[in-house]
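>>> Coordinates for the following, if possible.
(one chain, ligands or ions: 1)
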Amino acid sequence: MTGAPPSPTPKPEVRSGLVGVISHRSSISSIIGATLTYRGINIDELTENGTFEEIVHLLWEGSLPRQPELDALKAELQSAFPLPGAVIDSLRTFPQDADPMRVLQAGMSILGMHDPDAASNAPADNRRKAARATAQLTALTCAYHRVRKGNDPVDPSPALGFAGNFFLQLNGREPDAIETEAIDKALILHADHELNAATFSGRVPSSTLSDLHSALASAIGTLKGPLHGGANRAVMEALEEIGSVDKVEAWLEQKLAAKEKIMGFGHRVYKHGDPRAKHLKLMSKKLGELTGQPHWYAISETLEALVTAGKDFPPNVDFYSASTYYCLGLPPDLYTPLFACSRAAGWIAHLFEQYADNALIRPRALYTGPTEAHWVPIDQR
Ligand code: ACO
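I've put the predicted structure just below:
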């Protein structure tokens, strides 16, 4: 027999951390250089002009809402805030010092048990679940915080938008215009970010045709880590540890000498700046001045100058969100939950995309263990 010789088996390439691997096609958000867009619209334009509800519509439906569509979505989210009584009862059984991200992950699973459309992945059912899960994640964050402090959950107000209701349900008072603006901008800036670790981990369960709540619980657990969404809380711990501007340099030298990561700096994709950071930096400065605590911004700015002078690690989205949230009065362990409340919108857009054009996500591993091992009876081991 003649013919071409069989082509050699390609040498398997292992990409640790999936660096540079493109696993999906997606039309939701894009990162090109230092530009982030949602459905093609630059995040700068969205942050300057939009509200979170408009962004939710953009991410889920693919276009900015017309007024009747926006009104309908607002009403849908508003009516979805109230948690089932059994979920609030569950919150009361959690330890008072539980990490709120654990509470959100567990709470999302419990919400799935109570959702009337839980078992179905049909698009219309998933769309209804999407509004409930998005609103209820915020309600859950706020209710747990109140319950752990010995307070009762607070009802949302139909007079407020999503950002205002986050603040109201958390603090029991309506926010002023600046507080509303800060929360709204934070929600917009965190709403989606291409195929980050949490979004990928949400797509994995949906690729097995598991349900939306299970996929969101997976994404929440992934966001929690300090190399990802958990960095904003770690940044605040660092700022508190530093304490004042004159101590920044010595603190940084010591951390770098110990080869520790500086939280809130660096990014897998952005190597020359995270386009979200500048918006949070402006908010951090403004809120610091307005609330009479400008030192958090001053410490942050000094740290940024020193880190970026010595290394090419620009601040990421988590860096200035820490001082912004501190000035808004948020406890540091709620910084990552606020991130999750926003990112739920993006996760859900990705789940819609995954269900609509599904392929089971199942990569391979390069086996490095023994090959010629055999069973050894227990008395001979
Ligand atoms: N501080 C100190 N060194 C850093 C930092 C940092 N913040 N970021 C990267 N480096 C160094 C690494 O130590 C590594 O050095 P080496 O090559 O000498 O070993 C090199 O830069 C490459 O870093 P990796 O961690 O391998 O790169 P990767 O792309 O995996 O990192 C990551 C991205 C995880 C975000 C990293 O920059 C980091 O750990 N930053 C701090 C945590 C953080 O802020 N995470 C939030 C990111 S934004 C988000 O997820 C919402």
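
>>> What residues does the stretch 101-250 of the chain have near the ligand?
Within the stretch 101-250 of the chain, the residues that sit near the ligand (Cβ under 6 Å from any ligand atom) are 227-229, 231. The way it works is simple: take the backbone N, C-alpha and C, and place the C-beta from them, glycine included.

>>> Could you tell me which of these count as buried?
Buried by 16 or more other Cβ atoms under 10 Å: 228-229, 231, out of these.

>>> Format the residues you listed as JSON lines; extra columns: secondary structure.
Output for those, formatted as JSON lines (DSSP: H, G, I helix; E, B strand; the rest coil):
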{"residue": "His228", "secondary structure": "coil"}
{"residue": "Gly229", "secondary structure": "coil"}
{"residue": "Ala231", "secondary structure": "helix"}
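
>>> between the residues you listed, which is nearest Asp125?
Distance to Asp125 across those (Cβ to Cβ) is lowest for Gly229, with 27.9 Å.

>>> right, and that closest one touches Leu338 too?
No - using Cβ atoms under 8 Å, Gly229 is not in contact with Leu338, being 9.6 Å away.

>>> Show the contacting residues for the residue of the chain found nearest the ligand.
Across the chain, no residue is closer to the ligand than Gly266, which sits at 2.3 Å (Cβ to the nearest ligand atom). For Gly266, the contacting residues are 313-314, 316, by Cβ atoms under 8 Å, 6 or more residues apart in numbering.

>>> Distance check, it against Leu366.
Distance, Gly266 to Leu366, using Cβ to Cβ, to the nearest Å: 27 Å.

>>> can you check Asn358 too?
Counting by Cβ to Cβ, the gap from Asn358 to Leu366 is 26 Å.

>>> Endpoints of stretch 357-367, how far apart?
In stretch 357-367, first residue to last residue: 30 Å (Cα to Cα, to the nearest Å).

>>> How about stretch 7-22?
Distance between the two ends of stretch 7-22: 25 Å, counting by Cα to Cα.

>>> Work out the gap between it and the centre of the chain.
From the chain centre to the centre of stretch 7-22 is a distance of 28 Å (Cα atoms, centre = their mean, to the nearest Å).

>>> repeat for stretch 281-295
So, by Cα atoms, centre = their mean, the centroid of stretch 281-295 is 23 Å from its chain's centroid.

>>> Quick one: residues in contact with that stretch.
So stretch 281-295 is contacted by 178, 182, 185-186, 244-245, 296-298, 300-301, 315, 320-321, 323-324, 326-328 (Cβ under 8 Å, 6+ apart).
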